[in-house]
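In: Have a look at this prediction, sequence included:
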Amino acid sequence: MHDLQEGLPLLHLAARWLLEAIRSRQNYEAVNSYLHRFLHLHAAIIAGIEVDTKDTTAAAQNEDLPGHEKEQETRKDLIDTIADLRLAQRSAGVKLQNKMQHTMCLLRHFSRMI
């Protein structure tokens, strides 16, 4: 959790890059490898952010510090980007699975013609 103060904007930037890479629908295997490594390294921090934002909401209201509010907003943006990333990855996976299924059906059909 010590990485959250300086590293939070970088985690958000990396998550946004992964989201754009998945949405591009190119290099699916490479992007999924990067995504896997990103989540493997930062899963504990990302999982801890949800708990922190819920627990420190009252503290943020009491402190009225602009820096603290900005950090809370950055945390919320990161969580939103991670949620979008999850949906985009799931959508890309389903689309790839459908293409593979279609290809297998065509191969089966053409192999029966011979």
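Out: Alright, I've got the coordinates. Numbers count the residues shown, from 1 in each chain.
In: Do you know the pLDDT at Gln26?
Out: Reading off the confidence values, Gln26 has pLDDT 89.
In: show me where pLDDT drops low in this protein?
Out: Along the chain, the model assigns pLDDT under 70 to residues 1-5, 50-67.
In: counting contacts, what elements does the longest helix seen in the chain pack onto?
Out: Criterion DSSP state H: the longest helix present in the chain is helix 66-113. Here helix 66-113 touches helix 4-23, helix 28-55, helix 57-63, going by 3 or more CB pairs under 8 Å, 6 or more residues apart in numbering; DSSP states H and E. C-betas here are computed from N, CA, C, even on glycine.
In: closest one to Arg112 among those helices?
Out: helix 28-55 (29.6 Å; CB to CB).
In: Now do that closest one: distance to the chain's middle.
Out: 7 Å (CA atoms, centre = their mean, to the nearest Å).
In: And that helix, what's buried?
Out: Residues of helix 28-55 classed as buried: 28, 31-32, 34-35, 38, 42, 45-46, 49, 53 (neighbour count, 16 or more other CB atoms under 10 Å).
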